[in-house]
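Student: everything below, folded, please.
(one chain, ligands or ions: 1)
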Amino acid sequence: MALEIGEEHTRFVSWAEKNGITINGVAPAKFPGRGMGIVATRDIKAGETLVHVHSKAIISHASPQIFKMPSGRMWSKDLSVHGRLAAYLALRCNDENFEYKAWRDTWPSIREFRQILPIYWSDEAQDLLPHAAKEILTKQQRNIEADFCAVSATCISESEASFPKIDKDLFIYTWMIVNTRCFYWDYLDLPKVSPRLPRMRKDLTADDRYAMCPFMDYFNHTGDEGCVTETNRDGYYVVANQDYQAGTELYASYGTHTNDTLLAEYGFILEDNPHDAITLDHLILPDLTFKQYELLRMDKFLGNYTLSRGSPSPVTCHRTQAALRYLTIPYRRYAAFEAGLDEGTPEEQQIVDRHLVGLLEQYDRVFKTLLEDVEALEDKMGEQRATLKKRWVQIRCLVNQAKWALRDKL
Ligand SMILES: C[S@@+](CC[C@H](N)C(=O)[O-])C[C@H]1O[C@@H](n2cnc3c(N)ncnc32)[C@H](O)[C@@H]1O
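Tutor: Numbers count the residues shown, from 1 in each chain. From the prediction side, this is the model:
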């Protein structure tokens, strides 16, 4: 069910159409629990181009306003591209003459971010995040801190008059706007694009490719295929992946993300996520002796042990299988597995599976207390409590399905 949209969205659509964005058969709409999104305004056929954002409307590392400060000097080399985009938006977003003001007016407010994005949650609620989400959050906090230090150092070295100081709360907000709304941009004419970008495509980092695409950032995420995003020298296109009836919400995929990634990076989880997986690191790593830890590290099998949804039952990744073998069977048998010479005998697999069942039982024992702690969060954290509860129930379900499937085999 689509809800009424505010005037700012109507204003933005007319601005977009005059500024290099072509919109065909779709419009922004409001959806309960998802904020704004995109709706089909008529029946749509598979293969139709729904949106085209001309490269001149895209903000990327190559845009002059991003690679230089307003005074014309270069940003500190310590400031990431993500940080440059955030600094540019922070410096301009409260300015009535901001060239992208119409777009800026459509962003979610900081108040909305405080409810949904874990970076804004209280320590108490952050402590109750699943392990993988907490790890992403820690990295996010470190990156924001480093970018803010680089921005602040620049502000100090510029004269007060030519360079206003950036408020930290505003910087965190625009950093998260970039985080939740950016796309990857391929710079198809790379050698000509910008003196600040690496000359060779292979040398571009993921961060270099960040780009903001007004209007395209209305699309909400789906774990399924969703509409297709394509780039060429002219800009970005969104193409219908199938027929849609008028009134249907259209989605795009942000990638094959797990629910912990979606929660930490975007502030939501999917009810039914085909790419969902959880980490088992906190169950396996503490069991390793120093020697085992070092050997797994040298073999590049240390950490990142995952249990994915799988079909018909959850599956562990190759890294988990390797680490569990090292923990439970003779070293030479682990070495054969690690070298890819031998998949192991059925008896060895049973030993590994039995060990894994024990670890999953250990995990299962903490859910009751965890869910009680989530329930005990104050009422003002109602939205966070509901998301955390839903996520922990999903994790418990995955753990139990894996445990039952393994027990059936034993
Ligand atoms: C690129 S924006 C999409 C537009 C956004 N809904 C808005 O109101 O402006 C990404 C944000 O949309 C929301 N979102 C995207 N997909 C969603 C989904 N499937 N369910 C719930 N929220 C979603 C999340 O808040 C996410 O951080």
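Student: what residues does the stretch 51-200 of the chain have near the ligand?
Tutor: Selection of the stretch 51-200 of the chain residues close to the ligand by CB under 6 Å from any ligand atom yields 108, 116, 180, 181. In this view, the C-beta of every residue, glycine as well, is placed from N, C-alpha and C.
Student: residue contacts, the last one?
Tutor: Residues counted as contacts of residue 181 (CB atoms under 8 Å, 6 or more residues apart in numbering) are 107, 212, 217.
Student: remind me, longest helix of this protein?
Tutor: helix 346-375 (DSSP state H).
Student: how far off centre is it?
Tutor: 27 Å (CA atoms, centre = their mean, to the nearest Å).
Student: tell me which other helices or strands the following helix or strand past that helix touches.
Tutor: Per DSSP states H and E, the first helix or strand lying C-terminal to helix 346-375 is helix 382-409. Under the contact definition 3 or more CB pairs under 8 Å, 6 or more residues apart in numbering; DSSP states H and E, helix 382-409 sits against helix 110-116, helix 123-127, helix 259-266, strand 277-279, strand 306-308, helix 346-375.
Student: again, only using 10 Å
Tutor: helix 110-116, helix 123-127, helix 131-157, helix 259-266, strand 277-279, strand 306-308, strand 315-316, helix 346-375 (3 or more CB pairs under 10 Å, 6 or more residues apart in numbering; DSSP states H and E).
Student: state the distance from residue 139 to residue 261.
Tutor: Per CB to CB, to the nearest Å, residue 139 is found 11 Å from residue 261.
Student: with residue 255 instead?
Tutor: Distance from residue 255 to residue 261, by CB to CB: 8 Å.
Student: neighbour count: the two, which is higher?
Tutor: Counted by other CB atoms under 10 Å, residue 255 and residue 261 do not tie: residue 261 has more neighbours, with 20 against 11.
Student: so what's the residue positioned nearest the centre of the chain up against?
Tutor: For the chain, the residue nearest the mean C-alpha position is residue 265 (4.0 Å; CA atoms, centre = their mean). Listed by CB atoms under 10 Å, 6 or more residues apart in numbering, the contact set of residue 265 reads 117-119, 133, 136-137, 140, 176, 179-180, 254-255, 257.
Student: which neighbours do residue 255 and residue 261 share?
Tutor: With CB under 10 Å, 6+ apart as the test, residue 255 and residue 261 both reach residue 275.
Student: I figured residue 98 hits residue 89, correct?
Tutor: Yes: look at residue 98 against residue 89 with CB atoms under 10 Å: they come within range, at 8.8 Å.
Student: in contact with the spatially closest residue to residue 409 that is not a sequence neighbour, which residues?
Tutor: Leaving out its chain neighbours, the residue that sits closest to residue 409 by CB to CB, 6 or more residues apart in numbering is residue 353, at 6.3 Å. Contact partners of residue 353, counting by CB under 10 Å, 6+ apart, are 316, 321, 324, 328, 405, 406, 407, 409, 410.
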